Structure formats: structure tokens, C-alpha cells
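In: Okay, predicted coordinates and the sequence, questions at the end:
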Amino acid sequence: MKKVFGCRDDFLQWFQGEGFYLDDLVPAPINFATRKERRKAHDKYVGDLSRRIADYAPRNVIALLKAIERPVGKAVRLSGVNARFWAVPFPGTGQQANFRREMADILPQIA
């Protein structure tokens, strides 16, 4: 197994143990929805995500898709937490190098 951030065990266990959370803006898949339907779903669930962010009380929030930067940023603001916020490209569909480059810039700031 590849070593990730000093961890050779299950990455998600390590991730959660370090105080990180992985959450979705929209609770059901909307991959095949139209752009208008996706935007409507994003807007619909901002309040729900905001409440979860308030419960988590994170110091940092990273949206893993540039297309949801606006609604996730709004959720962070509405949550009232004092978290730094970034949005990075989704690490698929040809964006892997951009994702890695942007995360490489962010990770030292949150370590």
C-alpha cells in the first residue's frame, strides 16, 4: 500500500482520525442531470450543508469540484464557522494534474 501523509493504513480511517470530513453538497447523485437541474439541486442543499459544517466546525473546507465553489462557499459563510475555503478541480476527467497541483499548494497550509 502506498504511504499517504505518513499513513500506511486505510486512508479514510486516517483521514477521519485526523479530523477531516468528506461530505456531499447534494445527498443523491446528480451526475446525469442537466446543468440547470444541478444548479437547482446545489442551491436547494446549501442550508443542509451549512448546518453540517457548523456541526463539524472545521478550520478548512475544500470543495472538490470548481462547479460547486459558489454554493459550498455560501454554505461555509452561512455556517458561521471561521474556516478557510478553497475549491479545486475534480480529480477526474483529465483534471488530475490540476487537482494535484492545487492540492499540493493547499495541504501545507492546513497541516
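Out: Thanks, I have the structure now.
In: tell me the helices in this protein, going along the chain?
Out: Taking DSSP state H as the test, the helices found in the chain are 11-17, 35-44, 46-56, 69-79, 96-110.
In: how about the ones you listed in CSV, adding mean pLDDT?
Out: Supplementary listing: the helices of the chain in CSV, determined by pLDDT from 0 to 100:
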stretch, mean pLDDT
helix 11-17, 73
helix 35-44, 97
helix 46-56, 97
helix 69-79, 98
helix 96-110, 92
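In: and these as JSON lines, adding mean neighbour count?
Out: From N, CA and C alone the C-beta is placed, and that goes for glycine too. Shown next, in JSON lines, are the helices of the chain (neighbours: other Cβ atoms under 10 Å):
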{"stretch": "helix 11-17", "mean neighbour count": "12"}
{"stretch": "helix 35-44", "mean neighbour count": "13"}
{"stretch": "helix 46-56", "mean neighbour count": "17"}
{"stretch": "helix 69-79", "mean neighbour count": "19"}
{"stretch": "helix 96-110", "mean neighbour count": "12"}
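In: Put together JSON lines for those, with distance to Asp24 on each row.
Out: Below are the helices of the chain laid out as JSON lines (distance: least, Cβ to Cβ, whole Å):
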{"stretch": "helix 11-17", "distance to Asp24": "15"}
{"stretch": "helix 35-44", "distance to Asp24": "11"}
{"stretch": "helix 46-56", "distance to Asp24": "8"}
{"stretch": "helix 69-79", "distance to Asp24": "10"}
{"stretch": "helix 96-110", "distance to Asp24": "17"}
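In: Which among these is found nearest to Trp86?
Out: Between Trp86 and the helices of the chain, the tightest spacing by Cβ to Cβ is seen for helix 96-110, at 5.4 Å.
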